[in-house]
Structure formats: structure tokens, C-alpha cells
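Visitor: Have a look at this fold, sequence not included:
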């Protein structure tokens, strides 16, 4: 039995555990690939520098703002779409197939598409917006006041279908006898939604929130190809900052610390979501 599971264990150790351990080790050193022989143990200095550096603090704020806004909007819109597609009809199946198209496109390509659309000089949308005086003349992605909001819109456009699909799967797994009993007892549509559907949907909501929060918090592709973290760090996120430090400035120690901080933040957010959903489940179901 042990030998049968050994390949899977070795794969997890090689692909998951070892890189994390190596990153945690590198984060304790002043390790720059341009000066590999001048490596110096600095302890937690790299982590302290993250919170002391203005750009890094702004990246943390941007990441939290981006994640909170995009995931919240996706949850609301995704739930509404799931409710609309709940009935198993031909039109709903066709609509669902078309709805999932944005989620099948890689974030990098989506970023490039929107960068081309919103460019103030040549964009199919951005040019006419600039000529009409709607938004900044330099373009929505080139202004600090609008760039983060546009990135949130891009993320919502791409990933709301995935949120809807997860929640739709949860809706279709609800016990029909409970729903029919509530309808037979004379419960209104709102009462069925708030007192029957929502309590039973809490596990699916938790799954959707955790998956999308983890993905949104480490957003990189769409930001990198549209704004590169600018202008003036207005869209700089933790993953963009880590890639810049690691691959542009070759500061591996500092980049590893940023990556570890990102993992810690994701773990904290997932734990908070678990406590919130668990608390709601206890209040509603009493167990």
C-alpha cells in the first residue's frame, strides 16, 4: 500500500513542498543573482522591508482592494446568473455554454484584448471615449484614478461565469423534496430563498469564495500585460511586485519574502471565510 502511494507523495514533495521550503529559506537571505557570492543571512529583514517600503505597502493595499471588490461582485452576479440558469432547459444549456467562453480564455490574452480595446490612441473603445471626453485623455488604463477599477472589471468579466458555474452546481444538488415541501407549505419565493436555499448553499458559496479569492489575490497576468503595475504603483499587486523583484532586479531573497507573505495572507483570508461561513451555518441551522 505504501509503495502504491509513494509516487504521489514524491510528486507532492517535489512540486509542492520543496519549492515552498526553498522559497522560505531564500527569504531569510540577502540573495541577489547578480551577486551570488555575496549572499548574507538577514533573518526577517526582508519581511520587515516589505512593510517599510512604500511601493510594497501600496501593492498590499491594491491586492486587497482588487480581491475584495472583484470577488464580491463576482459572487453577487454569479449567484444571480446561477438562479437564472437553474431550470434545466435547452435555452439555459445553450446560454451556459456561451457564458463560459470568457473563463476559457487565458488571463494574459484577456489582458491584451482589453489593452487593445481601451487604448486612447488606437483602441476600438478607448479612442471614442477619449474623443467624447469620457474618462481621462490618456486612457482608462493609463490613469491612476481609473486603472484599478478597469482591472477589477476585467477580472469580473472573465471569472463571473466560473463563479456562476460553481453556484449552479450547488443549486442543482439541492434536495428537491425540501424545496417542494417549502413550496407546499406556502412559503414565498423570498422565504424559500432566504430560509431554504441560502442555508443549503453555504458549502458551495464557501467553495466558490475560497477558490476565487485565492486566484484573485495572486493576480498577475492581466495586470502585467495591461498596466505593468502602473501608473505610479496604482495597480501594483504583490505578485507583480514579486516578479519584478525576482526577474527584473534578480533580488531573489526579497521576492521570496513577498511570495511567502502572499501565501500567509491567502491562508488568513481562507481561515476568516471558513469562520464566517461556519458561524452563519451555526446561526441558521443550529449545528
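Guide: In hand now; what should we look at? Fair warning: this is a prediction, and the values are worked out from it, not measured in the lab.
Visitor: May I ask which helix or strand of the protein has the lowest mean pLDDT?
Guide: helix 2-12 (a mean of 75; mean pLDDT, DSSP states H and E).
Visitor: I'd like the next helix or strand past that one.
Guide: From helix 2-12 onward toward the C-terminus, using DSSP states H and E, the following helix or strand is helix 18-26.
Visitor: The least confident helix or strand of the chain: how far from the chain's middle?
Guide: 31 Å (Cα atoms, centre = their mean, to the nearest Å).
Visitor: so what does the longest helix seen in the chain touch, helix or strand wise?
Guide: Taking DSSP state H as the criterion, the chain has its longest helix at helix 252-285. Judged by 3 or more Cβ pairs under 8 Å, 6 or more residues apart in numbering; DSSP states H and E, the packing partners of helix 252-285 are helix 18-26, helix 45-52, helix 54-84, helix 198-217, helix 238-243. The way it works is simple: take the backbone N, C-alpha and C, and place the C-beta from them, glycine included.
Visitor: Give me the contact list for the shortest one.
Guide: Contact partners of helix 238-243, identified using Cβ atoms under 8 Å, 6 or more residues apart in numbering, comprise 55-56, 59-60, 63, 217-220, 223-224, 228-229, 255, 258-259, 261-262, 265.
Visitor: my guess is residue 254 meets residue 47, correct?
Guide: No. Using Cβ atoms under 8 Å, residue 254 makes no contact with residue 47, being 9.4 Å away.
Visitor: residue ranges with poor pLDDT in this structure?
Guide: For the chain, applying pLDDT under 70 flags the ranges 1-2, 284-287.
Visitor: what's the closest non-adjacent residue to the most centrally placed residue in it?
Guide: Compute the mean C-alpha point of the chain, and by Cα atoms, centre = their mean the closest residue is residue 216, 1.2 Å away. Among residues not flanking residue 216 along the chain, residue 67 sits closest, at 4.5 Å (Cβ to Cβ, 6 or more residues apart in numbering).
Visitor: What of residue 40?
Guide: Per Cβ to Cβ, 6+ apart, closest to residue 40 is residue 30, 4.5 Å.
Visitor: so how far is residue 41 from the one you found?
Guide: Residue 30 sits 8 Å away from residue 41, going by Cβ to Cβ, to the nearest Å.
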